[in-house]
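Asks: Predicted model and sequence below, questions to follow.
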Amino acid sequence: MPSQSSETHHGPLSPEHIRATWSGTASVEDAAQAFGLSRSKSYDLVRRGKFPCRVLLIGRTARIVTASLLRVLESGEPEYNGASSANPNPS
């Protein structure tokens, strides 16, 4: 599971490490580490619907979709729930 492997790793995690060790979803804490965010900031973003990637709310538990997290890390474009990646001001 991600939290076991990330406990000894400090700083943001690489997409290669995430692909090799994470399952389909991750905890908010593990996703926060991947983005280099604090735990409290990440939970605040989840609560406000502004976490940069897809969040699954299962009861009172939030899980981060690993595939979405990887896309955001690689593209730099957020895809949070309800977000549109299309340019709102096309030229």
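Replies: Cool, got the structure. Numbering: from 1, shown residues only.

Asks: low-scoring stretches of the protein, by residue?
Replies: Regions of the chain meeting the criterion pLDDT under 70 cover residues 1-11, 81-91.

Asks: Show me the helices in it, by range?
Replies: For the chain, the helices defined by DSSP state H occupy 2-6, 15-21, 28-35, 39-47, 66-75.

Asks: now the angle from the last one to helix 28-35?
Replies: Per axes from the mean of the first three to the mean of the last three Cα atoms, to 10 degrees, the angle that helix 66-75 makes with helix 28-35 is 20 degrees.

Asks: For helix 66-75, buried residues please.
Replies: 66, 68-73 (16 or more other Cβ atoms under 10 Å). C-betas here are computed from N, CA, C, even on glycine.

Asks: Tell me the buried residues in stretch 12-31?
Replies: 13, 18, 22, 25-31.

Asks: try stretch 35-44
Replies: Within stretch 35-44, the residues scored as buried using 16+ other Cβ under 10 Å are 35, 37, 42-43.

Asks: Looking at those, which two lie furthest apart in space?
Replies: Using Cβ to Cβ, the buried residues of stretch 35-44 span at most 12.8 Å, a distance reached by 35 and 43.

Asks: related to what we said a few turns ago, which one of the buried residues of stretch 35-44 is nearest residue 50?
Replies: Nearest to residue 50, judged by Cβ to Cβ, of the buried residues of stretch 35-44 is residue 42 at 10.3 Å.
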